[in-house]
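>>> need coordinates for the below:
(one chain, ligands or ions: 1)
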Amino acid sequence: MYELNEKVRSLTPYEPISGKYPVRLDANESFLSLPEELREEIGRAVSRAAFQRYPDPLAGKVTEAFADFYGISPSLVTVGNGSDELLYLLTSTMLMRGESMLVLEPDFSMYRFYGSLSEVEVVSCPKREDLTIDVDEVIRRAKEANARLILFSNPCNPTSLGLPRQEVRRLVRSVEALVVLDEAYMDFWDQSLLPQVEEYENLVILRTCSKALGLASLRLGFAVANRRLTAALRAVKSPYNVNSLSQTVGALVLREKEWASYALGQILASRDELQAALDSLAAEFPGQLQVYRSCTNFIFLKPAGAAGLFEGLLEAGVAVRRMGEFLRVTAGSQEENRRFLEAFRSLFREGRAAE
Ligand SMILES: *Cc1c(COP(=O)(O)O)cnc(C)c1O
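Predicted structure coming up:
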């Protein structure tokens, strides 16, 4: 009888919320779809694609469009099949089996998953009670564990909080480990280290097209690092990791800077509106709802009775993400926000929060 090995045996496939919910605010996606004109241009470009050929291994066009969009050099960029692929690549290649990698708690749960698949020791450093990052503690733990890699998101998914650039800089400078800084949500904040990435010999920054750019379906992520690290990343990635269609569409959308800045403005406005409405609800129900100040496109909440509220929202057709005693709500369209808020308020007024 064939036995699965131990590291695989206990795993179960990732299952997003199943079932039909008219309002989906559970995956931090953009609520905007691409404008009609751009869709037509994409249609024409796709119809001309060389389907019989392997894709460009270095994804030249989309790399250039990405680099131009963020004002950096294309020679510092490695493209991945979503930043997820790059996360897996980094944990499986930048560490030898059994070496230590440091993650923060709470943070993006995939870090731990990829670490354990890569058979590395995943050491965790708790955040403060208020969910902010204590950089001195991170440095201390990294040294204590002899960590070879430190991986965290900034701004953070799920907490929505940001660590100021100064503090990130201090962390990168104080450790010998490779720091992988996941800036998936940095389009929504202004503390990126992207412009200075070359000043560090031990920093890899991850960005994605899945959030602010609204291209989650394409699976396009980017690692940005100095030339030496970039050469290593390009050497370890599988050659045809990003398909031609994603490369083509990604390049077209990244060149539409006006569209991108319009979309970002819409998402930020939605986020601010949601934040303000939840602040009022928190004021109406003192002690029953904590609302974190968001630097992202979602709001992180600590309500009394998260489980009951989560179920109540599903019954009302609204899917959000529940993480233990917390809820995470993506900023949606005005209509989606309205439906969420209406259902959420009703649950509070019916006393479901206190359960
Ligand atoms: C959404 C998200 C990503 C992006 O993943 P892709 O694979 O590029 O879609 C990466 N990191 C964090 C923390 C995220 O929330």
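>>> would you tell me which helix is longest in this protein?
helix 257-284 (DSSP state H).
>>> avg pLDDT for that one?
Helix 257-284 comes out with an average pLDDT of 98.
>>> list the helices and strands it packs on?
Contacting helix 257-284 under the criterion 3 or more C-beta pairs under 8 Å, 6 or more residues apart in numbering; DSSP states H and E are the following elements: helix 244-254, strand 289-291, strand 298-303, helix 334-349. In short, each C-beta sits where N, CA and C put it, glycine included.
>>> can I get the ones you listed in TSV with mean pLDDT, distance to the ligand and mean neighbour count?
Formatted as TSV, those follow (pLDDT from 0 to 100; distance: least, C-beta to the nearest ligand atom, whole Å; neighbours: other C-beta atoms under 10 Å):
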stretch	mean pLDDT	distance to the ligand	mean neighbour count
helix 244-254	98	11	21
strand 289-291	98	19	19
strand 298-303	98	9	23
helix 334-349	97	18	18
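>>> for residue 105, find the nearest of those.
When these are compared by C-beta to C-beta, strand 298-303 sits nearest residue 105, at 14.7 Å.
>>> how far does that closest one sit from the chain's center?
16 Å (C-alpha atoms, centre = their mean, to the nearest Å).
>>> can I get the following helix or strand past that strand as CSV, trimmed to CA atoms?
Downstream of strand 298-303, the next assigned helix or strand under DSSP states H and E is helix 306-315. Only the C-alpha atoms of helix 306-315 are listed here, as CSV (Å, rounded to 0.1, in the frame of the first residue of the first chain):
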residue,chain,number,x,y,z
ALA,A,306,-17.5,36.8,15.2
ALA,A,307,-18.8,33.3,14.5
GLY,A,308,-22.5,34.3,14.8
LEU,A,309,-22.0,37.4,12.7
PHE,A,310,-20.2,35.5,10.0
GLU,A,311,-23.0,33.0,9.8
GLY,A,312,-25.6,35.8,9.9
LEU,A,313,-23.9,37.5,7.0
LEU,A,314,-23.8,34.3,4.9
GLU,A,315,-27.6,33.9,5.6
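>>> how about helix 306-315, which residues are buried there?
For helix 306-315, the neighbour count (16 or more other C-beta atoms under 10 Å) marks 306, 308, 309, 310, 312, 313, 314 as buried.
>>> ditto for stretch 19-32
21, 23, 24, 25, 26, 27, 28, 29, 30, 31, 32.
>>> just the ones of those residues in strands?
Among those, DSSP state E puts 23, 24 in strands.
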